[in-house]
Every structure is written in structure tokens, then in C-alpha cells.
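*Asks:* Have a look at this fold, sequence not included:
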């Protein structure tokens, strides 16, 4: 068992928060709502989290610097959220 998991169980923590910043992502992938939904489905399966409702994926942002898809998926302990920035081809994912 990893040190993080051991501490998690020993302290009776509510959950773990993970922030992931991904750089130089494939532009075609981060601009594809279906690909983002597939990513969320695969992530939930990988971390063994039950999804509640559909993954919401919305493309918005008037300022080119922040434009891109954002997503939210409710899960058993909280949620997964992310933003996929067109200008930089970066992705910012939060899992709690």
C-alpha cells in the first residue's frame, strides 16, 4: 500500500484532492467533447468511482486566452472538473 493511501486510511480522511496540469496536449483531443467524455469515463473506471449523471462538457470563453472546453462530472465522493485551454493546448484537471 502506498504511503498516501496508508495515511488516508489511518487518519480516516474524507477524500483525496488531486490537481493535474497537462502541457502540450493534442489539440484535436482537447477540442473534442466526445473525447473529453471518454476520458472522464475511463478515469472514473480507473479510480473506481461511481459517476452520478452525465458528464457536462461546455465550450466557452470570449477571451482567446481562456477559451476552450470545461467539464464537470459528479462522482461518489465529490467531483471531477477540468478546463482544456485552446490557446496553450494545456489541460487543468481536479479530482476530489
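*Replies:* Yep, that arrived. This is a predicted model, so every value here is computed, not measured.

*Asks:* I'd like the average pLDDT over the helix or strand containing residue 81.
*Replies:* In the assignment (DSSP states H and E), residue 81 maps to strand 79-85. Across strand 79-85, the average pLDDT comes to 98.

*Asks:* Relative to it, what are the paired strands and their orientations?
*Replies:* With DSSP bridges as the test, strand 79-85 is paired with strand 68-75 (antiparallel), strand 90-95 (antiparallel).

*Asks:* Burial-wise, tell me which of the ones you listed comes out on top.
*Replies:* strand 68-75 (a mean of 20; mean count of other Cβ atoms under 10 Å). No exception for glycine: its C-beta is placed from N, CA and C like everyone else's.

*Asks:* quick one: the helices in the protein?
*Replies:* For the chain, the helices defined by DSSP state H occupy 3-10, 27-30, 33-46.

*Asks:* Can you give me the buried ones in the shortest one?
*Replies:* So that's helix 27-30. residue 30 (16 or more other Cβ atoms under 10 Å).
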